[in-house]
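J.: how does the following fold in three dimensions:
(chains A and B)
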Amino acid sequence: MPRFQAFFQGLKTSLPVIAGYIPVGFAFGVAAEGAQVGTAYALFTSLFIYAGASQFALVGLLKDGVPVLTAAVITVGLNIRHFLYGPGISGETEEFKLPQRLISAFGLTDEVFSVAFSRIREIPLESRFWWLLGLELGAYSCWAGSTVAGSVGGKTLLNYYSFLGQALSFALPALFFSLLLSMLEKGRRLAVFCALAVAATFHWNGHSEMGIIAAAFIGPITGMIWIRR
Amino acid sequence: MDQTVTDIYFVYAVLLAALGTYLIRAVPFLLSARKEKSRKSRPQINLFFQMMGPSMIAALLVTSIGSPLQTEDYSQILNYLIGFAGVGASHWLWKNPGICVLAGVVCFSVSQLFFT
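T.: Have a look, this model is predicted:
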C-alpha cells in the first residue's frame, strides 16, 4: 500500500475519534476561557500536552494558585496510564524505526490507542506507520481545532443549543463501546468483564486513573488463568 | 498564585506537563520494541498483551461514562442504555465505529427528548 494511501486511510479511520474529540476539546476551550486563560494559551496547552482530562486539571490547579511544579506533576500523574499504550501496540509495530516510534508516541492518547489496537492488524506491516500517522494527525488537529472553537464561541453556542453539550458527551462512551464490541472474542470475554468490574469499583470510589491501570493487569491475568484451567 | 494564568508560569507548567506526558508515552514504547522479539518466543506474555488492550478499553469505557450512573437520575441511566443499544444495533448491522458513534449519539439525543 503506498504511503499516501495508508495515510489517508488512517485519516479516515480517525473519524470516530474526531466525533469523540469535538465535544471534549470544545469543553476544554470553554473551561479555559472560563479560567481566563485566553484562546492562544488554551491552544498552546492542547498542542503540547494533548491529553484530555489532565488539561482541565492543569488549568484548574493553576487558577487555584497551585505551584507550577506541583501542578505539572499532578497533570503527568493523571496521564500515567499512557505508559501501557506503547507496549500494547508494540507487537504490531515491530517494523517502526526509532524516529517513527518517537513521532507516533506523541499521539498515543486513550482514543487513538483504542482505535489503533483494534484496526492496525488490517494494515500491511510496511504501511502501518503512515496509517497510524494519519490516524493521529486527524485526531490531533481536531483536538486543537475544537479547543479554539470552544474558547472562541463555545459559551454562546452552548447557551443557544444546550442539548448539544449532553448529546455530544455520549460520543466517547459510544466510541469505546463500539470498539469493545468488535474485540469481544470468545477467549477474551472473561478478561473484559473482569476489567469492567475492576474499573467500575475503582471509578465509583473516586480512583478512576488507578482503576484503568488495575484493570489492565487484573483483566488479562484472570483471562489467562481461565484459559489455562 | 493570585495572578492571571496567562503568564510565564503557565507556559512553564504546560511545558513540564507536556514533557512528562510525552516521556510516559514514548519511553515504554521504545523499550518494548527491544523486548518484542523475546516476547514473541513466550506465548504467555503474548497472550497477556492480547488481552490487555480490550481490558484497557473496557476500563476507559467505564471512566468515560463518568458520573451520570452514580446518581439516582434514572432518566439519564435510561438515556445511556438507549444510546448503547443504538451502538450495539449499528455494530451488528455495519461493524463500523464511525457509524456506531453517530447512531449512539442520535439514539441518546432522541432519548433525551422523551426522558429528561
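J.: dump the residue contacts of B:Y12.
T.: By C-beta atoms under 8 Å, 6 or more residues apart in numbering or on different chains, B:Y12 lies in contact with A:68, A:72. The C-beta positions use only the backbone N, C-alpha and C, and glycine is treated the same way.
J.: switch the cut-off to 10 Å
T.: Counting by C-beta atoms under 10 Å, 6 or more residues apart in numbering or on different chains, B:Y12 touches A:68-69, A:71-72.
J.: tell me the mean pLDDT over whichever strand or helix holds it?
T.: Taking DSSP states H and E as the criterion, B:Y12 maps to helix B:8-40. Helix B:8-40 carries an average pLDDT of 85.
J.: for the helix or strand following that helix, buried residues please.
T.: Per DSSP H and E, the first helix or strand lying C-terminal to helix B:8-40 is helix B:43-65. Along helix B:43-65, these residues count as buried under the neighbour rule (16 or more other C-beta atoms under 10 Å in any protein chain shown): B:47-65.
J.: again with stretch A:189-197
T.: Here stretch A:189-197 shows A:190-197 as buried, counting by 16+ other C-beta under 10 Å.
J.: show residues contacting that stretch.
T.: Identification of contacts with stretch A:189-197 by C-beta under 10 Å, 6+ apart yields A:180, A:183-185, A:188, A:211-212, A:214-227, B:47-48, B:50-62.
J.: what's the angle from the helix holding B:Y12 to helix B:43-65?
T.: Angle between the axes of helix B:8-40 and helix B:43-65 is 150 degrees (criterion: axes from the mean of the first three to the mean of the last three C-alpha atoms, to 10 degrees).
J.: go through helix B:8-40 and flag the buried ones.
T.: B:10, B:13-14, B:16-18, B:20-22, B:24-26, B:28-30, B:32-33, B:36, B:39.
J.: what's the answer for stretch A:142-157, then?
T.: Going by 16+ other C-beta under 10 Å, stretch A:142-157 has these buried residues: A:142-151, A:154, A:157.
J.: distance between that stretch and the chain's centre?
T.: 18 Å (C-alpha atoms, centre = their mean, to the nearest Å).
J.: just the C-alpha atoms of that stretch, please, in CSV.
T.: Listed next in CSV are the C-alpha coordinates belonging to stretch A:142-157 (Å, rounded to 0.1, in the frame of the first residue of the first chain):
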residue,chain,number,x,y,z
CYS,A,142,-9.4,18.0,15.6
TRP,A,143,-8.4,18.3,19.3
ALA,A,144,-6.6,21.6,18.6
GLY,A,145,-9.4,22.9,16.4
SER,A,146,-12.2,22.2,18.8
THR,A,147,-10.2,23.8,21.6
VAL,A,148,-10.1,27.0,19.6
ALA,A,149,-13.8,26.7,18.7
GLY,A,150,-14.7,26.2,22.3
SER,A,151,-12.6,29.1,23.5
VAL,A,152,-13.8,31.5,20.9
GLY,A,153,-17.5,30.7,20.6
GLY,A,154,-18.3,27.8,22.9
LYS,A,155,-20.3,29.6,25.6
THR,A,156,-22.5,31.3,23.1
LEU,A,157,-23.2,28.2,21.2
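J.: does chain B sit close to it?
T.: No. Stretch A:142-157 lies out of reach of chain B by C-beta under 10 Å from any C-beta of the partner chain, never closer than 12.1 Å.
J.: give me the most central residue, chain B.
T.: Using C-alpha atoms, centre = their mean, the residue of chain B that lies closest to the mean C-alpha position is B:L60, 4.1 Å off.
J.: list the contacts for that one?
T.: Neighbours of B:L60 in contact, by C-beta under 10 Å, 6+ apart: A:81, A:110-111, A:113-114, A:172-173, A:175-176, A:179-180, A:195, A:199, A:208, A:211-212, A:215-216.
J.: ok, it to A:G34 distance?
T.: Here the criterion is C-beta to C-beta, to the nearest Å. By it, B:L60 lies 26 Å from A:G34.
J.: tell me what the lowest-mean-pLDDT helix or strand in chain A is packed against?
T.: Lowest mean confidence among the helices and strands of chain A (mean pLDDT, DSSP states H and E): helix A:162-169, at a mean of 71. If contacts are counted by 3 or more C-beta pairs under 10 Å, 6 or more residues apart in numbering or on different chains; DSSP states H and E, helix A:162-169 sits against helix A:15-34, helix A:128-160, helix B:74-94, helix B:97-114.
J.: which parts of that helix are buried?
T.: A:166-169.
J.: just checking, next helix/strand downstream of it?
T.: Heading C-terminal from helix A:162-169 (DSSP H and E), you reach helix A:171-183.
J.: of the contacts of B:Y12, closest to A:Q9?
T.: Of all the contacts of B:Y12, A:Q9 sits closest to A:A72, with 36.5 Å by C-beta to C-beta.
J.: so who does the closest residue to the closest one other than its chain neighbours touch?
T.: In this structure, A:A72 finds its nearest non-sequential neighbour in B:L16, 3.6 Å apart by C-beta to C-beta, 6 or more residues apart in numbering or on different chains. B:L16 makes contact with A:49, A:58, A:68-69, A:71-73, A:75-76, according to C-beta under 10 Å, 6+ apart.
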